[in-house]
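> Dropping the sequence and predicted coords here.
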Amino acid sequence: MNGNLQVKNGKYYAVVSYSDTSGKYRRQWFPTGLETKGNKCKAERFLRQKIRELEGKRDHSDGILFSDYIRKWLVRKQPKVEEVTFIGYSNMARVRILPYFDSKGYYLQDINRAILQEFFDHMAQADRLDGPKGKLSAKSLQRMKNIISQSLKDAVKEDLIFSNPCDYIELPKAERHEASFYNADQLKALFKAVEGDVLEPIIKIAALYGLRRSEVLGIKWDSIDFAARRLTIKHTVLQSKVVIYSDKTKNSSSRRSFYLSDEALAIFKKAKADEEENRKLFGSSYIESDYVFKWDTGKLIRPDYISYHFRALLKKHGLPKIRFHELRHSCASMLLDSGFTLKDVQEYMGHADIQMTANIYGHLDQGRKDMLSNSLSERIF
């Protein structure tokens, strides 16, 4: 089987010549849709792909199963991404993607938009395997699409396929989650309710500085400058299937510094005094670490414990139901309510760009906008 490029009406056509199963010589023309100007390399790649497709229909002996290609892609990807990211990729592939495509037996060259759309439509009806009962979330589908799309993008770079059929997949729209949050009085009631609990300092610091769970657990003693009264967010503790301790933040903008208020300073000083007391109390059995928030034994607190114990505390004290992460939303809400701008909140929260801040908290900023319009109206009318 061989082929060449031909030009008709200013566009490239791939012409493939081969002998069919009866030995009869055949010649097929395939429109590339590419203009001749500046597209010769793309047209040549289209021709090579078309030849592979036709050869694949006759014999897949030289091809690779799509599921096996994803496995190879994961191996190549592992050293290029953060550990927690790779664990997420690997788990999603192992549980959802690979079993499906192993069972179908599709080769890489077989994959097209229809096959992928069928896969995603099937997964949209699949049940969750953990957490609350129900179907897979739009977020999970997007994660699967990300894995498949990235692997196929690499296949295009390797000239194994001509284009990425995942570019044309349609996923269900994610339902917008309206974040819940506490006002100042509710936070005061929460602080009162958790007095003496292991989560008390964690909850207070997370609410005051709008920290993510990974950030508040990641605070080490080198994050705190008692003399300068500064807290710097530069470590994280994440959890996927395993707990990952990292000296990196989510992104560069997440690395930020805060002034230590009197209350925050007192919390950290108490944590330091408690650590020294517990080290004496437990002696050689004390578990040494640089992390601030931990059990009396020195054992580190797992991120998932934070989440489910927080829920239990709210239920026990009859407080409105929110997620631990929504202490962060509560912080942002009060900043906006105090007259700070979205730009101020972006920097305080450590968002990569202001659009993310606007998407999450823009509706909370309406009160400030109303005050601006009222103020302007009073001046010009």
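Cool, got the structure. Residues are numbered from 1 along each chain as shown.

> what about Ala189, how many residues close to it?
For Ala189, the count of nearby residues is 16 (other C-beta atoms under 10 Å). In short, each C-beta sits where N, CA and C put it, glycine included.

> now the one 10 residues further on
As a burial measure, Leu199 scores 18 neighbours (other C-beta under 10 Å).

> With Glu215 instead?
Residue neighbour count, defined by other C-beta under 10 Å, stands at 25 for Glu215.

> So for it, what's the nearest residue that isn't a sequence neighbour?
With C-beta to C-beta, 6 or more residues apart in numbering as the criterion, Glu215 has its nearest non-adjacent residue at 5.2 Å, and that residue is Ile233.

> same check, this time on Tyr69
Nearest-residue entry for Tyr69: Leu108, 4.9 Å, with adjacent residues in sequence omitted and distances by C-beta to C-beta, 6+ apart.

> And the pLDDT at the one you found?
pLDDT, Leu108: 89.

> Same question for Glu378.
64.

> just His309 next, same as before
In this model, His309 is scored at 96, pLDDT.

> For the helix or strand that contains Leu313, which helices and strands make contact with it?
For Leu313, the enclosing helix or strand under DSSP states H and E is helix 303-316. Here helix 303-316 is seen to pack against helix 184-193, helix 213-217, strand 236-239 when contacts are counted using 3 or more C-beta pairs under 8 Å, 6 or more residues apart in numbering; DSSP states H and E.

> And the contacts of stretch 216-224?
Applying C-beta atoms under 8 Å, 6 or more residues apart in numbering, the set of residues contacting stretch 216-224 from outside is 202, 205-206, 230-237, 245-246, 260, 268, 272, 290-293, 300-301, 303, 306.

> what's the span of it, first residue to last?
Taking C-alpha to C-alpha, to the nearest Å, the span from the opening residue of stretch 216-224 to its closing residue is 12 Å.

> just to revisit the earlier point, among the helices and strands packed on helix 303-316, which is nearest Asn4?
With respect to Asn4, and counting by C-beta to C-beta, the nearest of those is strand 236-239 at 53.2 Å.

> show me where this protein has strands.
2-8, 11-19, 25-35, 224-225, 230-232, 236-239, 243-246, 257-259 (DSSP state E).

> Tell me the spacing between the nearest residue to Gly350 once chain neighbours are set aside and Ala332.
Of all residues beyond its chain neighbours, the one nearest Gly350 is Ser254 (4.0 Å), with distances taken as C-beta to C-beta, 6+ apart. In this view, Ser254 and Ala332 are 15 Å apart by C-beta to C-beta, to the nearest Å.

> So these two - more neighbours on which side?
In this comparison of Ser254 against Ala332, neighbours counted by other C-beta under 10 Å, the higher total goes to Ala332 at 26 against 19.

> So that one sits against Gly210, correct?
Yes: using C-beta atoms under 8 Å, Ala332 and Gly210 qualify as a contacting pair, with a distance of 5.9 Å.

> Can you get me a residue count around Phe282?
Phe282 has 13 nearby residues by other C-beta under 10 Å.

> Return the residues in contact with the nearest residue to it once chain neighbours are set aside.
Computed as C-beta to C-beta, 6+ apart, the closest residue to Phe282 that is not its neighbour in sequence is Thr297, at 5.8 Å. By C-beta under 8 Å, 6+ apart, the residues touching Thr297 are Asn278, Phe282, Ser285, Tyr286, Ile287.
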